[in-house]
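Trainee: one predicted model, sequence on top.
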Amino acid sequence: MVEAIWEKPALEEHIEIPKNVYIILDNAGEALIDVVLAEIMKRRGHEVIMVVRKESYEIDVLRDDLEAEGIEIMETQCSTPPVLHVDGFLIAKGIANLEACIERGGMESLHLFRAKCDVLARMFKVPKNAPVIISGSKVEQYLKGS
């Protein structure tokens, strides 16, 4: 886990993060990292809202699973992807959240994921399983072939 956290991304983009931020939580195994990120951002002056599904889809973290002092937790209406319920800048991990943002379109976002398959590795021109940090607008450029 420590190696994965400090592994240098193959594709990394620096973007300015606005004051108000939604952090999308999904996988229960990664929720502790999301909570730490939310707490750090709050300490640095960001208004942070963590977003969770009301009903678990596979192994998603739920509101009752979280302890985040002083950080608002927003619960979706059902088990739909949390990105569909956000109106503002979001930070999301994982391919499923990236796909949901692409389907919704036009969202200001920052994505953290691994290019776990050949398709993603080719699309982003990175080695397979490489970590990627990228904005939603840059993803759209890759989709258009720029």
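Mentor: Perfect, I can see it now.

Trainee: CA only for contacts and neighbour counts going forward, please
Mentor: Fine.

Trainee: list the buried ones in the longest helix along the chain?
Mentor: In the chain, assigned by DSSP state H, the helix with the most residues is helix 31-43. Within helix 31-43, the residues scored as buried using 16 or more other C-alpha atoms under 10 Å are 31-32, 34-35, 38-39, 41-42.

Trainee: and stretch 92-102, by the same measure?
Mentor: For stretch 92-102, by 16+ other C-alpha under 10 Å, it's 92-95, 97-98, 101-102.

Trainee: which of those residues sit farthest apart?
Mentor: Greatest spatial distance among the buried residues of stretch 92-102 (C-alpha to C-alpha): K93 and I102, at 13.6 Å.

Trainee: the residue most central in space within the chain in helix, strand or coil?
Mentor: Central residue of the chain (C-alpha atoms, centre = their mean): A92, 0.7 Å from the mean position. In three-state terms, and counting by DSSP: H, G, I helix; E, B strand; the rest coil, A92 is strand.

Trainee: what pairs with it across the strands?
Mentor: In this entry, A92 is beta-bridged to I24, H111, by DSSP bridges.

Trainee: okay, it and E108: tell me how far apart.
Mentor: The gap separating A92 from E108 is 11 Å, by C-alpha to C-alpha, to the nearest Å.

Trainee: cool, and L11?
Mentor: Counting by C-alpha to C-alpha, the gap from L11 to E108 is 18 Å.

Trainee: show me the strands in this structure, by range?
Mentor: 11-12, 20-24, 47-52, 72-75, 90-93, 109-114, 131-135 (DSSP state E).
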